[in-house]
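Participant: kindly return the folded structure for what I paste below:
(2 chains)
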Amino acid sequence: MMSGLTLQGVHKSFGDVQAVRDVSFDVAPGEVLALLGPSGCGKSTILALIAGLERPDRGKIAWDGRSLQDIPPHQRGFGLMFQDYALFPHRDVYGNIAFGLQMERWPAEREQDRVKEMLELVGLPGYGGRDVNTLSGGEQQRIALARSLAPGPRLLMLDEPLGALDRNLRERLISDLGEILRHMQQTAIYVTHDQEEAFALADRVAVMNGGRIEQLDSPQLIYSQPASTFVARFLGLTNLLEGVGRLTATGAVMETRAGEFTLDHPLLGPFTVLIRPDRVSIGSTGNNHLEGRLLGCSFRGSTCRATIEVGGVPLQFDFPASTPFPPPGGRVQLSFDPAETIQIFPVT
Amino acid sequence: MLPTLVVAAAFNALLGPHGWVNALMIALFRLSQPPIQFVNTFAAIIIAHVFYNTTIVLRLVGDFWAHLDPRMGQAAQVLGANRVQSLLRVTLPLLAPAIAAAALLVFIFDFTSFGVILVLGGPRYATLEVEIYNQTVSLFNLPIAASLALLQLVCTLGLTVVYTRLADKLARPLGLRPRRFTQNRLLTWRSRLLAGILIVLISAFLLAPLAALALRSFTRLEASGSSFSGAALQWTLDYYRELSINRRGSLFFTPPSIAMGVSLGYALTTVGLALALGLPASWALARDDTSRVNRLLDPILMLPLGTSAVTLGLGFIVALDRPPLDLRASPVLVPLAHTLVAFPFVVRSLVPALRSIRPRLRQAAAVMGASPRQVLRFVDLPLVGRALLVGATFAFTISIGEFGATALIARPEYPTIPIAIYRYLGQPGALNYGQAMALSTILMSITAAGMLAIERFRIADVGEF
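Facilitator: Alright, predicted model coming up:
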C-alpha cells in the first residue's frame, strides 16, 4: 500500500482550457514537494483538486491508497494556505487560527494552548487579540501559516505563500518556513514560480509547463541535469544554441554557430545545445575553447555576468567578480570541459 | 423614505389652515380667514412631491456623480474643453442614465403616490390611486376598483421594467471609483460660498416642513381671529398627553397608544417575515448572477418596488377572501403586505453583501474542516450581519410608516400610527390637529432614527439605492 498522497493520470479542463494534463506523482509522509512553473501552468489547479475544491475529469487522487473521490473538502484533513491568505476579516488573529480547531470541536483549553503554540511557532506570540485587517503582509502570511498548521493537517498545501511579499522579507521567511516544515515533519506541497523558494524548501521539485510535469527530481538534479529546454530556460539557463551532430576524422562533434564541441559518443542530426554559464573559465587551456568578443559585464555581488558574442551569438557566462576583463569590445578566450558544461537536448 | 402621512402632516403644519404661515399672517394682518389656501390645491400636491423626491434625485444622481472618475473631465479639459463644455459634453452625457433612472423612479413613485394626495389633495384631485381606495372603502365597488388597479398595474410594471433596464445600464460600462479618488476640494471662496448657499437653500426646503411639524406638535397656536387679539403662542405637551386619553368616550375610539403598539407589533412581524423570505432569495441571487433563472428572478423580486401600495392592498383583499386562505380578518395580513413592500429593499441590501464574500474564504473554511452548514454559520452569517441589520431596519421603517396598503386592509379596531394620523387630520378641532402633529412627529423620529441606523450600518461605498 502506498502511504501518503498519490496522483495518477489526473486531468482537469475548464471549458477549452486543459489546466492539468496527465499529472502523476506521489508525496511520501514528511516529504516537501514543490510544484514549480510559470503562472497559468496548472499548479494551483492541482492544489484545488487535491483539496477537493475542484473535481478531476479523469485520474485518481488517493491518500494512503484510498481514493479521495467522494470525500468533501472538509473531511479530507488537509490544510491549504492561499496565495492571498484568505484570512477571515470578521475574526481576530486568535479566531482565525482557532477556526479549524473549532470545526473539530477541540476543548476550549486545548484550543487556547494550541493557538498559543502556533503563534510562538510563527514568531508572533501575543498577537491573538489583533485585528487581522491591520497586520502587515509578513504578519498576515505568518498568521495564515499558523492557521493552516493548527489542526495538524495530514498534508499542508501552500499556494505561492510568499508571492505578495518584497524580496528581503521573502528571503527571511523562506528560511523560517523551511525550519517550521522540517521541525514539524510536515508533509507538504509547495506551489511557487520562484526557483529559489522551490530549491530552498523542497525535497523534490516538479517543474510544470502547460498543465504537464516536465521533470520531477531533487533540486540538485533539476539544476545540474534539466530534462528539457523548457526546464533549462525556466531555471535561467539561456545559452541555448541549435546544433548538428556529425562524425569527423577526429571523432564525434557537435557543430553550432558558436563553434564545434567534441563529444564522447557520436550523435547525428539536429539538436539543441545548452552551454552552462558557470563552468567556463577565461584562458586557452584544454581541448575545447571558444573565442569571442566581450559585449559587457553586469556586476552581481560575488559574481559578474559577462555577455560574450561568440560566432555572432550573444552568450552569457558567470565569472568570479575579481576576474580581470578586457575593456568591452576586447577579445576573450574561453575554455571549458564539455562533459560539465555542455548538455544536449533533442529538438522539440 | 419618510412616511407619506408625515410629509402630508408636515406641509399641513407649515402651510395648512392651522399652520405656521397662516397663523402668523392672521396675527400680523388681523385677518379673519387664513390667507393662503394651500390644502386641496394642485400646488400643494406638487410641492409635497417635489419635497418628497428631491432626496431621491440627490441620492441617485449625486451618488453616481460622486463616484464618477474625475479623470474623464480632466481628460476633456486637457483636450481643450472649457469647464462648461466639459460639463455639457462629458459629464452630463455620462450622468444621463442616472438622471433618467432618477426621473423614472420619481415618476413611478408619484404615479402611485397615495397618502399625500389623499390628505393634501382633497376630493377634487382624485388620482387613480385615490380613486381605487374610494371605490373600495367608501363605495365597495370592487369590480371598478379592480379594473382601475389593473390599469395602474400595467402602467407601473411597464415603467419598472424600463427602470431596471436603465439601472442595469447604469451599472455596466463605467468604472466607478471610490469616493476618496473623486473627492474635490472647494478651493476658492466663490465656490465655497456658492456651495454653501446651495446647501442652505436645499436644507431649508427639506427641513422647513419637518421643523414646522415638530414645533407645531409642541405649541398651542390659537389663531383667535374673531377677537383680533392676535395669536396666542404657548409651549405645551398636551397633545402628547392627550394621545392616551379617550376624551369623547367613543366606543370605536382606540387610543393612539394602542396604535403605537399595533404598529410596533406589525413592524416586528414584518422584520421577521422579510428576513425569513429575503435571506434565501438574496442567497439564490448572489450565488450565481449569470444563470437564466436569476436573470428572470431579479426583476420579479423587484416588482413590489413599482407596484402601488393601494393596488397591493386591494390584491390582498381580493385574493385572500375565501377558504382555505381567508386572511381578511387575520392580524397577519398587514405584516404580509408590509413584507411585500419592504422585500425589494431587504433583497437590495443583502445581495451586495452576500456577493462581496470572496469564495476563497468559504474554501479556506472548508479545507479547515468546516461543513457547508458550518461555513454558513461561521463565515457567511457573521459577514452579512451588518447587511442583515440594514435589511431589518429597512423592513421596520417601511412597515411602521406604510399607509396605502394598510388603509385598505387594516381592521378598524387595530389602526397603525399612520392610520391614526389620518383619522386625526380628518377631524376638526385644534386638539385633534395637535394630536395628528404629535403622532406625526413621533413617527418622523422613528423613521429618522431608522435611516440614521441604516447609514451607519451600511458598509459598501457604492450603494445600490
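Participant: what sits against residue A:198?
Facilitator: Going by CB atoms under 8 Å, 6 or more residues apart in numbering or on different chains, residue A:198 touches A:34, A:36, A:190, A:192, A:205, A:219. The way it works is simple: take the backbone N, C-alpha and C, and place the C-beta from them, glycine included.
Participant: identify the residue nearest it in space, chain neighbours excluded?
Facilitator: residue A:34 (3.8 Å; CB to CB, 6 or more residues apart in numbering or on different chains).
Participant: quick one: secondary structure of the one you found?
Facilitator: Assigned with DSSP: H, G, I helix; E, B strand; the rest coil, residue A:34 falls in the strand class.
Participant: could you report the neighbour count for it?
Facilitator: For residue A:34, the neighbour count with other CB atoms under 10 Å in any protein chain shown is 28.
Participant: follow-up on the earlier one: nearest to chain B among the contacts of residue A:198?
Facilitator: Closest approach to chain B among the contacts of residue A:198 (CB to the nearest CB): residue A:190, at 15.9 Å.
Participant: give me phi/psi at the closest one?
Facilitator: phi -120, psi 120 (degrees, to the nearest 10).
Participant: equivalent analysis for the one 4 residues further on, please.
Facilitator: Taking degrees, to the nearest 10, you get phi -110, psi 110 for the backbone angles of residue A:194.
Participant: who is the residue nearest to residue A:198 paired with across the strands?
Facilitator: residue A:190, residue A:205 (DSSP bridges).
Participant: helix or strand: which one has the closest residue to residue A:104 other than its chain neighbours?
Facilitator: By the measure of CB to CB, 6+ apart, the closest residue to residue A:104 outside its immediate chain neighbours is residue B:369, 5.6 Å from it. Using DSSP states H and E, residue B:369 falls within no helix or strand.
Participant: the residue nearest to residue A:198 is in contact with residue A:197, isn't it?
Facilitator: Yes - between residue A:34 and residue A:197 there is a contact under CB atoms under 8 Å: 7.5 Å.
Participant: ok, residue A:17 - how many residues close by?
Facilitator: Neighbour tally, residue A:17, other CB under 10 Å: 11.
Participant: that one pairs with what?
Facilitator: residue A:14.
Participant: and if you look at residue A:336?
Facilitator: With DSSP bridges as the rule, residue A:336 is bridged to residue A:280, residue A:288.
Participant: residue A:6 - that's part of a strand, no?
Facilitator: Yes - according to three-state DSSP, residue A:6 belongs to a strand.
Participant: which residues touch stretch B:372-392?
Facilitator: By CB under 8 Å, 6+ apart, stretch B:372-392 touches A:74, A:88-91, A:99, A:102-103, B:271, B:274-275, B:278-279, B:345-347, B:349-350, B:352-354, B:356-357, B:361-362, B:365-366, B:370, B:453-454, B:457-459.
Participant: which residues touch stretch A:326-334?
Facilitator: With CB under 8 Å, 6+ apart, stretch A:326-334 has contacts from A:280-284, A:289-297, A:306, A:308, A:310, A:317, A:325.
Participant: mind running it again at 6 Å?
Facilitator: A:280, A:283, A:284, A:289, A:290, A:291, A:292, A:293, A:294, A:296, A:308 (CB atoms under 6 Å, 6 or more residues apart in numbering or on different chains).
Participant: for chain B, what's the nearest residue on the stretch 101-250 of chain A?
Facilitator: residue A:103 (4.0 Å).
Participant: could you tell me how far that residue is located from residue B:378?
Facilitator: Using CB to CB, to the nearest Å, residue A:103 is found at 8 Å from residue B:378.
Participant: hmm, back to that, taking the contacts of stretch B:372-392, please make a ChimeraX selection of just the buried ones.
Facilitator: Buried residues among the contacts of stretch B:372-392 (16 or more other CB atoms under 10 Å in any protein chain shown), as a ChimeraX selection:
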select /A:74,88,90,91,99,102,103 /B:271,274,275,278,279,345,346,347,349,350,352,353,354,361,362,365,366,370,453,454,457,458
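Participant: for the host helix or strand of residue B:63, enumerate the helices and strands it packs against.
Facilitator: Secondary structure assignment for residue B:63, by DSSP H and E: helix B:42-66. With contacts taken as 3 or more CB pairs under 6 Å, 6 or more residues apart in numbering or on different chains; DSSP states H and E, helix B:42-66 sits against helix B:4-15, helix B:92-111.
Participant: quick one: it to helix B:4-15, angle?
Facilitator: If you take axes from the mean of the first three to the mean of the last three CA atoms, to 10 degrees, helix B:42-66 sits at 120 degrees to helix B:4-15.
Participant: against which helices or strands is the longest helix along chain A packed?
Facilitator: Assignment by DSSP state H gives helix A:167-183 as the longest helix of chain A. Contact here means 3+ CB pairs under 6 Å, 6+ apart; on that basis helix A:167-183 packs against helix A:195-201.
Participant: quick check: which ranges of the stretch 51-200 of chain A have low pLDDT?
Facilitator: A:164 (pLDDT under 70).
Participant: with the stretch 201-348 of chain A instead?
Facilitator: Checking the stretch 201-348 of chain A against pLDDT under 70 turns up A:285-287.
Participant: strands of that one, start to end?
Facilitator: A:204-209, A:212-217, A:240-248, A:251-256, A:259-262, A:269-275, A:280-282, A:288-300, A:303-310, A:313-320, A:331-336, A:342-346 (DSSP state E, counting those that start in this stretch).
Participant: let me see the domain layout of chain B.
Facilitator: B:40-180, B:245-465 (automatic domain parsing).
Participant: deepest in the core, which of those is it.
Facilitator: Mean neighbour count (mean count of other CB atoms under 10 Å in any protein chain shown) peaks for domain B:245-465 among the domains of chain B, with a mean of 19.
Participant: contact partners for the residue of chain A positioned farthest from its centre?
Facilitator: In terms of distance from the mean C-alpha position of chain A, residue A:249 ranks first, at 43.8 Å (CA atoms, centre = their mean). Residue A:249 is in contact with no residue at all, counting by CB under 6 Å, 6+ apart.
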